[in-house]
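K.L.:
sequence and predicted structure are below.
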Amino acid sequence: MPKSFEELPVWQKARELVRYVYNLTKKHAFSKDFSLVDQIRRASASVMSNIAEGFERGSNTEFIQFLFIAKGSAGETRTQLYIAKDQDYITEREFQNGIALARDVSSQLSGFIDYLKGSKLKGEKYKKEYKSMRDEVEEITKQFKIQNSRFRNERD
């Protein structure tokens, strides 16, 4: 697992989506629709933000929850792109590029969620707990081996 959310390929792709959306919304006609500009920018930024927030929570369960929220925001971004296209704020090519980016992010999020669901690790938050449990198991095993060795020696 990467040490920071910035290392996650899905976060990097989400960042690319945000850059793309911000560039689109600077276009003259689009930029005048303040409500749509605000909505699509917030939706795309939400993807990045939720990936980061979930990662920083330190628990795979919470991370997965935030990845699902990010996935929803990617869908919302796609919807806003349809609205922009229908209002002729963006070209067909700009629309298709934006949709492809948002779908790629969504697909990566789905794959990452599936990976985390199958992972045995619970997350950073539980590392100390795992370490202490592992140490305890090792100590019990060690004591068992000592006892077993004594038992054998007494029997012989």
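P.N.:
Thanks, I have it.

K.L.:
lowest average confidence, helix or strand, in the protein?
P.N.:
helix 127-155 (a mean of 58; mean pLDDT, DSSP states H and E).

K.L.:
what's the helix or strand for the nearest residue to S49 once chain neighbours are set aside?
P.N.:
With sequence-adjacent residues excluded and distances taken as CB to CB, 6 or more residues apart in numbering, S49 is closest to A70, at 8.0 Å. Where you see a C-beta, it was placed from the backbone N, CA and C, and this is true even at glycine. Using DSSP states H and E, A70 maps to helix 60-86.

K.L.:
how about A43?
P.N.:
In the assignment (DSSP H and E), A43 maps to helix 34-57.

K.L.:
what is that helix packed up against?
P.N.:
For helix 34-57, the elements it packs on are helix 9-25, helix 28-31, helix 60-86, helix 92-118, judged by 3 or more CB pairs under 8 Å, 6 or more residues apart in numbering; DSSP states H and E.

K.L.:
recalculate using a threshold of 6 Å.
P.N.:
Based on contacts counted as 3 or more CB pairs under 6 Å, 6 or more residues apart in numbering; DSSP states H and E, the elements that helix 34-57 packs against are helix 9-25, helix 60-86.

K.L.:
next, the angle from the longest one to helix 9-25.
P.N.:
Relative orientation of helix 60-86 and helix 9-25, computed by axes from the mean of the first three to the mean of the last three CA atoms, to 10 degrees: 20 degrees.

K.L.:
could you check the angle helix 34-57 makes with helix 60-86?
P.N.:
With the same axes, to 10 degrees defining the directions, helix 60-86 sits at 160 degrees from helix 34-57.

K.L.:
could you report the neighbour count for the closest residue to E92 other than its chain neighbours?
P.N.:
In space, E92 comes closest to K85 once its chain neighbours are excluded; the distance is 7.3 Å by CB to CB, 6+ apart. Each residue near K85 was counted by other CB atoms under 10 Å, and the total is 17.
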